[in-house]
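# pasted the sequence and its predicted model underneath.
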Amino acid sequence: MSIAKNIRQIEAQIDGRAKLVAVTKTKPISLLQEAYDAGCKCFGENKVQEMVEKQALLPTDIEWHLIGHLQTNKVKYMASFVSLIHSVDSLKLLQEINKQAAKAERVIDCLLQIHIAQEETKFGFSETEVETLLGSDEVEKLANVRIVGLMGMASNVADELQIRHEFRSLKLFFDKLNTSYATSFTILSMGMSGDYLLAIEEGSTLVRVGSAIFGSR
C-alpha cells in the first residue's frame, strides 16, 4: 500500500470540489511524514494530547484540525497552533476557545457540530440550538473565535439513501444560515473514508479521510 498513491487517487476523485483532511489519529509519525511528503499538509486528530505531541515533531507548515470531541480543559494545550476546530458543541466550549485564543493572541476558526445521525452517541447541537446561539449576544462578544461553518457525521449505516438524506439536510441548514442569519459560512465538513464521495455530491467542502489513506487501523 502506498500512502502517496492513495492520496493522489482520492485527490483525483475529489477533483478540487472539497479540501482533504488526512485523519491521522493513532498513526505513527513516520506515516504522517509520508503523507506530508506526498503533498498532504492538513491533518485531523481526535485527541488533543496526540495532536500536541505530533505537532512538535513535524514540519511547521502543517494545518492541524481537531476533529474529535473536545473537553474545555484541553483547549489551552493547542490554542497556540490549531487551525480549525470541527467539534464545537456548546457555548461553554466556544467561550473557553475564545479565552485561550486571546491568551495566545490568535483568532481560532471553529465549526459548529450539528447532530445529524440517528445514533444517540454522536455529539452536536440541534438546528434550533444553533439558531438560538447565533442570535445571542453571547456569541457577539467572542472576539477571538470565528465561526466559519458546520460539521456533521452521518449515521454509521449501509443505507446510502439515509446517509444522503442526512448530508443533504445539513447542507440545507448551512444554506439557510447563510441566508437568514447573514452568516458567511464557507466550510461544510461532512464525509469520512466510507462516504466522502456522497458527502461531496451533497455539498461538502471538506472531507475527513483516514483509513482510505493509511489503511485500516
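All right, it came through fine.
# got a list of what Val23 touches?
Contacts for Val23 (Cβ atoms under 8 Å, 6 or more residues apart in numbering) come out as Phe43, Gly44, Glu45, Asn46, Ile67, Met192, Ser193, Arg208, Val209, Gly210, Ile213. Every C-beta, even on glycine, is put in place using the N, C-alpha and C of the backbone.
# of those, which belong to helices?
Ile213 (DSSP state H).
# list the buried residues for the helix or strand bottoming out on mean pLDDT in the chain?
Least confident helix or strand, the chain: helix 137-140 with a mean of 92, by mean pLDDT, DSSP states H and E. Residues of helix 137-140 classed as buried: none (neighbour count, 16 or more other Cβ atoms under 10 Å).
# which strands and helices sit next to it?
With contacts defined as 3 or more Cβ pairs under 8 Å, 6 or more residues apart in numbering; DSSP states H and E, helix 137-140 has these neighbours: helix 91-103.
# where exactly do the helices run in the protein?
3-14, 29-37, 48-55, 75-78, 91-103, 127-134, 137-140, 160-180, 196-201, 211-214.
# average pLDDT for the fourth one, rounded please.
For helix 75-78, mean pLDDT is 98.
# now do it: which elements does it pack against?
Using 3+ Cβ pairs under 8 Å, 6+ apart, helix 75-78 is in contact with helix 48-55, helix 91-103.
# do the same with the second one
Taking 3+ Cβ pairs under 8 Å, 6+ apart as contact, the helices and strands that helix 29-37 lies on are helix 3-14, helix 211-214.
# how close does Ala18 get to His115?
Distance, Ala18 to His115, by Cβ to Cβ, to the nearest Å: 22 Å.
# quick one: which of those two has more around it?
Shown here are Ala18 and His115; by other Cβ atoms under 10 Å, Ala18 has more neighbours (21 against 18).
# kind regards, and thank you for your time.
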